[in-house]
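Asker: Sequence and predicted structure, then a few things I'm wondering about:
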Amino acid sequence: MHFHKFEKIWLTFGIGALVLFLVILGYGAFYLGTHPQSHGLTIDPQNVEAHEAFKPENLGLTKVDEDRYIVNVVASAFNYDFGVDKEGNAVKHIEIPKGATVLFQVVTPDVIHGFNIAGTNVNMMVEPGYISSMEVEMNQPGEYTLLCNEYCGIGHHMMYTTVEVYE
Amino acid sequence: MALHNVVLPNEDSRQLLPIPKKEAKLYMSFMYVAFISLFIGGLMGLLQVLVRSGNFTLPFGIGYYQILTVHGVILALVLTTFFIIGFQFALMSKTVGMSDKQRNLSWLAFWIMTIGTIMTAITILLGKASVLYTFYAPLKAHPAFYIGLAFVIVGTWVAAFVNWRQLYLWKKKHPGEKSPLLAFMVTINMIMWFIASLGIAVAVLVQFIPWSLGYAETINVLVSRTLFWYFGHPLVYFWLLPAYMAWYAIIPKIIGGKLFSDSLARLSFVLFLFFSIPVGFHHQLTEPGIDPTWKFIQVVLTFMVIIPSLMTAFSLFATFEITGRRKGYGGLFGWFKHLPWKDVRFFAPFVGMLAFIPGGAGGIINASHQMNTLVHNTIWVTGHFHLTVATTVILTFFGITYWLIPHLTGRKLTKSVNRLGIIQTIVWGIGMLIMSGAMHIQGLLGGPRRSDYSEYGGTEQAVTWGAYQMAQAIGGTILFVGIILMVYIFIKLAFFSPKGDEEFPIAEEEENAEPTPMWMENWKLWVAITIALILFAYTIPFVDIIQNSPPGSVPFDWPIGNS
């Protein structure tokens, strides 16, 4: 089979760039640990409260250490359950200090949902049977929309809350 | 004189066959369904962008997600599949021929697909299947939705068997000869389609249908998603390869040139067969239940399609340049300026090729393991596939329509329809530039895909998205004008254009072309390598998924408005 000289140059350059690109991706994933979330932790979707993290009293934002937080959430059609505040009202807004390390843990008792803090790389599929989790540093102050970005039914677009990163 | 009647066996096998009336009717039937689908699906698209602009509410209690389901199913599954199967049948008929028995079986394929489509469509229209075209469990549609889809797939399998039989019989009649290029390409595409659609067939027949009928209490969600995406990525190559067929083997003829290289064209199709299927995980990168190492391995396999894509790009522009120079247009860009820009059969697919540059680049971003996290399920993705399938592929299909429809109906592509086609292409390009561009930007700003109009409680981010949704409404409206134009052109070409003979353009090889190596025809080897790659990419992670399965999911129909 005959390859034109220019085609050889073109393919050599193209494949070379491809290999370099893949090496960078692999370096990020395996050396820097930037894999997308994949912990494979399972849970009974019909009984998520059985898990310590998702008992009603453990939902929402918890400070575990200086600048370390955990956010446990039950995502269900069409609501994110962050637990209740002191007055017993559902929490619809969380505030995190800038620079804090936050571990998000999310489960669903019904259908598939998305969990995306818009404009950031906090972006997870939430599937029945699995705990989705991701640890991030929140470095950019501002108000973010946390929303469902996987279709979950007729109220899908009404499934949101807000997250504020303050200075 | 007598020599005139002597046909060398080699030439005979490359002779293009006429398409009999009886067959033309069959191929036109596929085209009717395709263009009806284009109109309905396009109308749904228009309604969607209008709703998302925030200034329009759907009448009669129609739900946004209902029309979104119609849009996805009818354009991504019905329009594409009917057009492709009809087009491929025409290619086979032209290059290797079709027997009466094969034609009858092809009608069977058509009717199975059509009945399936109608079943699915009725279920969606009754509001019983607003699950979108990906129908992710545990959202549960009415069983008729899944059964209809199964019919569509089985129908395509009948078509695949007919195509393979067509080539097999031709090869028996022409021993030792290489198969015609287009027949080779169709066969590759249908092998890929068949192997890939086994995944969705298993999901639908073994998981969804029994579960939706109540025979199975729960469904394994991750298994169903993995099977879906095992099918879902090759699906996009099933759309793309027929466009490549036109780019490689038809466009050169239209611009007055020859094939660049028969063997390289075949090689790139073989590579597409290898690397289209073992890659589905790159649609599942942000899922919790799949091992990240296997995600990465499939990401690497995904990127292998870049190699045949680079070959394709080179071969196209090489054809353009060689043809131009041969016509005497020198200079660095003289050959480019003198391409037949006023011939819509070339112009429409060319605009499609241009769209594939940003489309392909966006695809690389989407599949990039960790980078995917930034764009996953944002409307960036919607912007991406409106460039690839809804511009590159569809403009090439339109480019085919301009000659295929009159060829089949015994009419001519007139100057005025040609001009209208050029306008259609420009309208499409502008509409898509605005709509897809706005989707890409809004996606980078975090705007979600697949969502009804929402102000998200009036957050600052949601306010900035509003402007882009307005731009999408403008672009989408322009695109709908493009659809009206195209449907008008189709009707004109099918029923009203003047009678005549429209050419079925198929490019020939150069006189002195290097012979194509016969190992290209090693079908068993190609299928074996394809299966080996699939087994490599999927066996271990799939066993892992099953062994570490959580309890299954019961069906949920109330979230989609059923109960």
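Answerer: Looks like it came in fine. Fair warning: this is a prediction, and the values are worked out from it, not measured in the lab.
Asker: where does the stretch 401-550 of chain B have low pLDDT?
Answerer: In the predicted model of the stretch 401-550 of chain B, no residue satisfies pLDDT under 70.
Asker: Which residues of it lie near chain A?
Answerer: For the stretch 401-550 of chain B, the residues found near chain A under the criterion CB under 8 Å from any CB of the partner chain are B:444-454, B:456-457, B:459-462, B:514, B:517, B:544, B:548-550. Any C-beta I mention is one placed from the backbone N, CA and C, and that applies to glycine too.
Asker: what about burial for those residues, which qualify?
Answerer: By the neighbour-count criterion of 16 or more other CB atoms under 10 Å in any protein chain shown, these include these buried positions: B:445-454, B:456, B:459, B:461-462, B:549-550.
Asker: Now, those that are in helices?
Answerer: Counted as lying in helices by DSSP state H, out of these, are B:461-462.
Asker: Stretch A:159-167 near chain B anywhere?
Answerer: Yes - remark: stretch A:159-167 sits within contact range of chain B at A:160, A:162, by CB under 8 Å from any CB.
Asker: buried stuff in that stretch?
Answerer: When neighbours are counted by 16+ other CB under 10 Å, the buried residues of stretch A:159-167 are found to be A:159-163, A:165.
Asker: as a whole number, average confidence for that stretch?
Answerer: Per-residue confidence for stretch A:159-167 averages out to 94 on the pLDDT scale.
Asker: Setting aside sequence-adjacent positions, which residue approaches residue 44 most closely?
Answerer: This is for chain A. Nearest residue to residue A:44, sequence neighbours excluded (CB to CB, 6 or more residues apart in numbering or on different chains): residue B:551, at 4.9 Å.
Asker: let's do chain B instead
Answerer: Distance criterion CB to CB, 6+ apart; nearest residue to residue B:44, sequence neighbours excluded, is residue B:71 at 3.9 Å.
Asker: Assumed the one you found was part of a helix.
Answerer: Yes - applying DSSP: H, G, I helix; E, B strand; the rest coil, one finds residue B:71 inside a helix.
Asker: Would you enumerate the residues in contact with it?
Answerer: Residues counted as contacts of residue B:71 (CB atoms under 8 Å, 6 or more residues apart in numbering or on different chains) are B:41, B:44-45, B:48.
Asker: ok so residue B:387 is a strand residue?
Answerer: No - read with three-state DSSP, residue B:387 is helix and lies in no strand.
Asker: Tell me how far the helix or strand containing residue B:42 lies from the chain's centre.
Answerer: Assigned by DSSP states H and E, residue B:42 falls within helix B:21-52. Using CA atoms, centre = their mean, to the nearest Å, the mean C-alpha position of helix B:21-52 is found 14 Å from that of the whole chain.
Asker: so what secondary structure elements neighbour it?
Answerer: Helix B:21-52 makes packing contacts with helix B:64-72, helix B:80-95, helix B:100-125, helix B:394-409, helix B:460-491 when contacts are defined by 3 or more CB pairs under 8 Å, 6 or more residues apart in numbering or on different chains; DSSP states H and E.
Asker: can you put those in CSV and add distance to residue B:253?
Answerer: What follows is the helices and strands packed on helix B:21-52, written out as CSV (distance: least, CB to CB, whole Å):
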stretch, distance to residue B:253
helix B:64-72, 35
helix B:80-95, 12
helix B:100-125, 25
helix B:394-409, 10
helix B:460-491, 21
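Asker: Point out the one among those helices that comes closest to residue B:521.
Answerer: Relative to residue B:521, the nearest member of those by CB to CB is helix B:80-95, separated by 14.7 Å.
Asker: Pull out the buried residues from the closest one.
Answerer: Burial within helix B:80-95, assessed by neighbour count using 16+ other CB under 10 Å, is assigned to B:80-95.
Asker: rewinding a little: residues of the helix holding residue B:42 that come out buried?
Answerer: B:23-24, B:26-31, B:33-52.
Asker: what do you get for stretch B:109-117?
Answerer: By neighbour count, with 16+ other CB under 10 Å as the criterion, the buried positions of stretch B:109-117 are B:109-110, B:112-114, B:116-117.
Asker: can you pull out the strands in chain A?
Answerer: Secondary structure of chain A, counting by DSSP state E: strands at A:60-65, A:68-76, A:79-81, A:93-97, A:101-107, A:113-117, A:123-126, A:132-137, A:142-147, A:160-166.
Asker: Much appreciated, bye for now.
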